[in-house]
Every structure is written in C-alpha cells, then in structure tokens.
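Asks: My questions concern the predicted model and sequence given below.
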Amino acid sequence: MMDEESEQIKEIFARCGRMLFTIQAIEKSILTLIVVSKNVPKNRYDEVFFEKSQLTFGQLKRELKDTDYFNESQLHAIDNFHGMRDSFVHNYWWDRTVEFAKPTLRHKILEELTTIEADIDLINDLVMSVSLRLAYEKGLNMDDLEEELMQSDMTPPTESFRRLTRNETVIDIKKYKIRDRLIVPLFTLEDGTKWILCESGLSQYKEQIDPLNLSDIPGLGDIFPIKQFQPRPLKTADWNYELDLKKEGLKMIVFLNEENGVKTFRWSIEPSKR
C-alpha cells in the first residue's frame, strides 16, 4: 500500500505539477508566436488565437517552422521536446507503476524527473527569450501587462468563436455599413452566425447588427443558399483572394487599394473569368 504521507510522494507530485505548468507555458508561448507571425489586425487577434488553440502541438510545430523565429538546431530541440512532452503527459505514470508503488524505488523517479525537468526548462528559456524579444520589438511592456492582469480577481476566459469548416452554407449576403465610408459584405451562415471579410477570408462578426445599416447587394438574385462555400480560400497575399459564390459564375473579388499612402481593402462581385 502506498505511503501517501511520504515526503517522496509529495516531492514527486509537486515537481510533476511544476513540469505540467511549464509545458503549458511553452505551448501557449509557441501558440502566441504563431499568431503574432500572421500579422493579423488587433481586432482579429482573439479569433486567430482561438483558431490556433484548437490545433494539436504537432500542427502548431509545423506552423512554427514557417516562421523565422528559430534556427534549425532550435527547431530540432523543440521536436525533441514534443516527444518528451507526449511521453510525460500520456504514458509516464503507466510506465512507472512499480517504481512509484515501492518506496525503495521512488528515488529512480526523482532522479529521472530531475533530468526531464532540466530539459523542459531549457526549452522554456529558449521560447521565452524569443517571446520577450518579439514583445520588445512590438513595443509591449510585459511587466505592465502582468500588473494589469493581476488587478483581476480571476483569470479572464479565452473568448470562443465558431469554428469554420472547409465547406459552409451561406444563406444570405448583405451590404452592411459598419461606419461612415466603410461598407462591407455581411455573410449569414446556415447556423445564423454573421461574418465579414478579413485578410484571409471570413471573420466572425459578433457586434449587434443595426438593421437600418443593411441593404441588398444588386445582382445576387436567388443564388441562396450557397452550399459547399469555402470561407478561407487560397490567397496570393493578405487581402488578395476570391470567394467562389458557386452559382451563375459569380465570385467576390477582394483586393488591397492604396490612395495617398493609405491602404484599404476593396471588394466587388464579378462573373468568373473562366
């Protein structure tokens, strides 16, 4: 029978808890680096953060390789961390049932944890150094952000968003005036959620809709519902893509326009050129 009061057990669980904390810190730091690398507008940060948080660590790691934050040797170290992380989270206790149950063998677990802990700390230091450098380049004061966070009585929850699939059903598209001189297409999907254009396709719009600012888009006729609609099409660059409206050869063309040094996006609905 396990001696639940033993100092060994207390130390083992305390160190494992700290390691799980550090593993999560590494994962969230890598997630944040990927989001920042996308250069998304500030109002899209939470949505992209939520989207990327749904990925596995393996998927995050593949996206990390598309950035220039780490060299080949550092990426290899993160690969090794991935294997260590999976083994520790999923199999560690199962593979050490006897060593944990016998007081005379627990020292082996403590010795092993010392090695694993050191390796995880090295990766955490690596990722944190890149994160802090990037924060400095972006003009962020991490001490101020931490102080602001600590003013709260609870950790603010991560905002959730509706996950887009590769094929959606659009039941309506209207013109919507968000503010003076900014009129955007407002998409309504089959579940009633509202979406507007972003740098890579559709972005969920959660603000209250003012019906007085809605108007029809000429030329759409009776094309609804649009099935198998791809909300995140291939793009040649941010704000440069086409949304296939599937019927009557119509496409929504999205592109950047620059006037007097100011870049704004434009959109139009045109027949397919094919």
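Replies: Structure's in. What do you need?
Asks: switch to C-alpha atoms for all contacts and neighbour counts from now on
Replies: Will do.
Asks: and stretch 223-232, how far from the chain's centre?
Replies: 24 Å (CA atoms, centre = their mean, to the nearest Å).
Asks: Can you show me the strands along the protein?
Replies: Applying DSSP state E to the chain gives strands spanning 168-179, 182-189, 194-198, 201-204, 214-215, 226-229, 235-237, 240-244, 250-259, 262-271.
Asks: remind me which residues of the chain are low pLDDT?
Replies: 1-5, 272-274 (pLDDT under 70).
Asks: So what touches stretch 105-123?
Replies: 8, 12, 15-16, 19, 22-23, 26, 77-78, 81, 84, 96, 98-100 (CA atoms under 8 Å, 6 or more residues apart in numbering).
Asks: buried stuff in it?
Replies: Arg106, Ile109, Leu110, Leu113, Ile116, Glu117, Ile120, Ile123 (16 or more other CA atoms under 10 Å).
Asks: and the residue nearest the centre of the chain, what is it in contact with?
Replies: Of all residues in the chain, the one closest to the mean position by CA atoms, centre = their mean is Lys52, 2.3 Å from it. The neighbours of Lys52, taking CA under 8 Å, 6+ apart as the test, are Leu31, Val35, Leu60.
Asks: Kindly report the domain assignment for this structure.
Replies: Domains of the chain are assigned by automatic domain parsing as 7-150, 168-271.
Asks: how far does the shortest one sit from the chain's center?
Replies: Between the mean C-alpha location of domain 168-271 and the chain-wide mean there is a distance of 22 Å, by CA atoms, centre = their mean.
Asks: how far does it stretch from start to finish?
Replies: 21 Å (CA to CA, to the nearest Å).
Asks: Ok, the first one next?
Replies: Start-to-end span of domain 7-150 (CA to CA) is 32 Å.
Asks: Could you do stretch 177-188 as well?
Replies: 15 Å.
Asks: same thing with stretch 90-103?
Replies: 23 Å.
Asks: So which of the domains of the chain is nearest Phe161?
Replies: Nearest of those to Phe161, taken as CA to CA: domain 7-150 at 6.4 Å.
Asks: for the closest one, the distance to its chain's centre please.
Replies: The chain centre lies 15 Å from the centre of domain 7-150; the measure is CA atoms, centre = their mean.
Asks: repeat for stretch 160-171
Replies: 16 Å.
Asks: Just the buried residues of that stretch, please?
Replies: Phe161, Glu168, Thr169, Val170, Ile171.
Asks: State the distance from the third one to Leu189.
Replies: The one in question is Thr169. Taken as CA to CA, the span from Thr169 to Leu189 is 6 Å.
Asks: quick revisit: which one among the contacts of Lys52 gets closest to Cys198?
Replies: Nearest to Cys198 among the contacts of Lys52, with distances taken as CA to CA, is Val35, at 14.8 Å.
Asks: quick one, what contacts that closest one?
Replies: Val35 touches Tyr45, Val48, Phe49, Lys52, counting by CA under 8 Å, 6+ apart.
Asks: My read is that the third one contacts Ser29, right?
Replies: It stands for Phe49. No: with contact defined as CA atoms under 8 Å, Phe49 does not reach Ser29; the gap is 11.2 Å.
Asks: All the helices of the stretch 1-150 of the chain, residue numbers only.
Replies: 7-37, 45-53, 57-64, 72-90, 97-101, 106-137, 142-150 (DSSP state H, counting those that start in this stretch).
Asks: Figure out which of the ones you listed is closest to Tyr176.
Replies: helix 45-53 (20.8 Å).
Asks: Next, the buried residues of that closest one.
Replies: Tyr45, Glu47, Val48, Phe49, Phe50, Glu51, Lys52, Ser53.
Asks: can you tell me which of the residues you listed lies nearest to Asn260?
Replies: For the buried residues of helix 45-53, the nearest to Asn260 is Tyr45 (27.5 Å; CA to CA).
Asks: what's near enough to touch that closest one?
Replies: Neighbours of Tyr45 in contact, by CA under 8 Å, 6+ apart: Val35.
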